[in-house]
Structure formats: C-alpha cells, structure tokens
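J.: For reference, the sequence and a predicted model appear below.
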Amino acid sequence: MIAGIIKEPTGEHRVALMPEQAEALVKKNVIVYVEPAAGVSAFASDDIYLSKGAQIKPRSEILASADIILSVNPLPANDISLLQQNTVLIGAYQPLINHSLIKQVCSQQCTLFSMDMLPRTTRAQSMDILSSQANIAGYKAVLLAASLYPRYFPMFMTAAGSIPPAKVLILGAGVAGLQAIATARRLGAVVEVFDTRPAVKEEVMSLGAKFIDVEGAADASAAGGYAVEQDEAYKQRQQQKISEAAVKADIIITTAQIPGRAAPVLIPEAVLMRMKPGSVIIDLAAATGGNTAKTVNDQTVHFNNVTIVGNSNLPAGMPADASKLYGKNILNFLQLIIGKEGALSLNFDDDLVKGTCIVHNGAVVNERVKSAMA
C-alpha cells in the first residue's frame, strides 16, 4: 500500500506527516511517497524523509498512484479529479460547509475521512486534530496580541510610576481559550472569560481567571464539547455582559464557533466604537465570519483605533510543533485503518472510523453532513 504526503498550499507551513512519523508507516510495510519540499516550511527536508525510508515523488505521481493521501488542508478540485477510484483521503475537509468538494469526492468514487469530524470521546483524544491545533492557536493568539498591544501586559511598579496590568477578555473556553488564559496569566494580565457552557467555570477559575456568568444557557452536554445555538433571551443577556466586559478590556481573544454555522457576532460595531484606543482583538473564528462585526479573514483591520486581527490559521505560525502534533494525530488514526501487514482495513464497526468517514463508495455516509447538504 502507498501513502502519499502532499505539499500544502501557499501560506500553509504545516505538513501532514513529519519524517519520524513517515518512518513509523514504513516499518508497517507501507510505502510512503512525499512531494518535493512538502515539509521544508516545517523544517523537514527531503533528505530527512529519504533517511527515514520515504520516497520523494512528483505530485502528479502521488495523486495517480497513492492508496491514501494525507494532507492538512482539503485537496483542491483539480487534484481530486486526478485521483483513482477508491483512493482514501485524510485531512481537515470541513465537510459541513464544503459541499461542492464533497460532491466531487463522491463522483470520483473515493473515500474521505475528515479529521475535524472525529467523535470527541476519551478514546479519540490522541487523534483529535482540533484540540492539538487549537492549543497552539490559543498560545499564539496571546503572543500576537502582546506584540501588537502598545502597552505592557504585566503590572510594573517603577520609580517613574506604576503601570497597571492589561485586561484580557477571552470569549470561548475551549482548548484554544483555555490555553489563551494560561498564556495571558503567565504574562501577568488580568483575565476575564465568557463561555456558554457553565461546566467550564471551574476550569477557568483554576487557571486564575474570572468567569462571566450568564444565566439560562442551553444544555451543551450532548454537543461533543462544542457550543450550541442559544435562544434570543439568552443572547440578549449574553450581549449585555460581553459588551460591559469588552469596553473595559485591552485585549480580546475570540474563539466562539458553531460547527456548520457562521460564527456568532459577539462584538458588534456599537461595542467596537466604545472600546479603548489601542485595544487589540485576535479573532480565531475569522474563517467562518468572525466574532466581531468588522473581522475580515486573513486580514488586520484598524477600526476606531482598535486593531482587529482575523486569523484562523495561527498554528501555521508554529509549523514544526504544529506538524508534529498533527502528524501524531494522523498516525494514531491510521492505526485504526491499516492492518498489521500494511494493508488498508476499513472497519466501520469502529465508532471512530465510522464517525470520521464522510464519503465511501461514492456516497455521503455521515448523517450530519447529509443533513447539512440537504
């Protein structure tokens, strides 16, 4: 069996599998093809891949001959058209919104496993790309904010006077939010946190942050760790609380997303108009519309002396470690679908294999994706 590692598009510095992880596949009797310079941005040269037993092959040959193709981002449509039938694609394909791409995969009679749809269970933690990459995003978001903020983060008491600590507001206490809390606290900031899930309050407080309570949140216990849509009465109470905290904040890190939906706008224009001059917002939900009224994906916007950074791909800014963690997630998942002799073995009785599979035998097999496409 042949596994192919594809070079990612311009601007993406990660690679789906690092050399040591490619070596693990080689030891399982899997032939590993790597596109030239696929890992260079993650500081993994072609020579290192070769030393681990992988083979360097042109992209066209990988697409035409590989049984499994590994990537971080979805393959572009022109690449999918070159695939042979029954090729297995593994990556983060965002199938709840990329409907045209999913239809094309069906028409090619390929099988697609989208790792961002992996069921979020205890057993799946070692394969959870959303968590491993969100951890990096939360860390980088705070460092980016600190570099853009025109004042100190920690409190300083000097002979020339005292400097108060920065006030950081974090919207969303998932993996990215929790790491942002920890990083901001290490830098000496005062941190407040909002999340629609009251269950995260204890964890937030254990990191030294204040949790903003809003009564009447919808039960999110069955949402697999994600946020859920709230009713209008709750949204009004939520907006008031967030607005009060936002106008006092120096830094805001926003992470709120709902799978398959546009990101909720938590910082409207009226609130942006009241924020402190020099304030910084890092919007990690920019790819799905953003959590502010002025967020533009992959751009930095200056509005009313507030800097708004729309960046949903901060993990690409730490490509070596991000690729290492992503590759380990992928390698752990591959253990479920590759047999002892290195042959493909798709066991759909396994809840993780079944839950992550989006397309098989030319048809969409994931119920959530079916509903979204309908």
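T.: Cool, got the structure. Note that the structure is a prediction, hence the values are computed from the model and not measured.

J.: what distance separates stretch 339-354 from the middle of the whole chain?
T.: Centre-to-centre, stretch 339-354 and its host chain are 25 Å apart (Cα atoms, centre = their mean, to the nearest Å).

J.: ah, wrong one, I meant stretch 241-259
T.: 19 Å.

J.: Equivalent analysis for stretch 334-350, please.
T.: 26 Å.

J.: So what touches that stretch?
T.: With Cβ atoms under 8 Å, 6 or more residues apart in numbering as the test, stretch 334-350 has contacts from 1, 3, 25, 28-30, 67-68, 88, 90, 111, 113, 352-354, 357, 360. Heads up, the C-betas are built off the backbone N, CA and C, glycines and all.

J.: Mind listing what's buried along the one helix or strand Asn332 maps to?
T.: Using DSSP states H and E, Asn332 sits within helix 319-337. Buried residues in helix 319-337, counting neighbours by 16 or more other Cβ atoms under 10 Å, are found at 319-320, 322-334, 337.

J.: Go ahead and produce PDB holding the CA coordinates of that helix.
T.: The C-alpha trace of helix 319-337 is given here as PDB (Å, rounded to 0.1, in the frame of the first residue of the first chain):
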ATOM      1  CA  PRO A 319       4.900  24.700  11.800                       C
ATOM      2  CA  ALA A 320       7.400  22.400  13.400                       C
ATOM      3  CA  ASP A 321       5.500  21.600  16.600                       C
ATOM      4  CA  ALA A 322       2.100  22.000  14.900                       C
ATOM      5  CA  SER A 323       3.100  19.400  12.200                       C
ATOM      6  CA  LYS A 324       4.500  17.100  14.800                       C
ATOM      7  CA  LEU A 325       1.200  17.100  16.800                       C
ATOM      8  CA  TYR A 326      -1.000  16.900  13.700                       C
ATOM      9  CA  GLY A 327       1.100  14.100  12.300                       C
ATOM     10  CA  LYS A 328       0.900  12.200  15.600                       C
ATOM     11  CA  ASN A 329      -2.900  12.600  15.500                       C
ATOM     12  CA  ILE A 330      -3.000  11.200  11.900                       C
ATOM     13  CA  LEU A 331      -0.600   8.400  12.700                       C
ATOM     14  CA  ASN A 332      -2.800   7.300  15.600                       C
ATOM     15  CA  PHE A 333      -5.900   7.300  13.400                       C
ATOM     16  CA  LEU A 334      -4.100   5.300  10.700                       C
ATOM     17  CA  GLN A 335      -3.600   2.500  13.300                       C
ATOM     18  CA  LEU A 336      -7.400   2.000  13.100                       C
ATOM     19  CA  ILE A 337      -7.500   1.600   9.300                       C
END
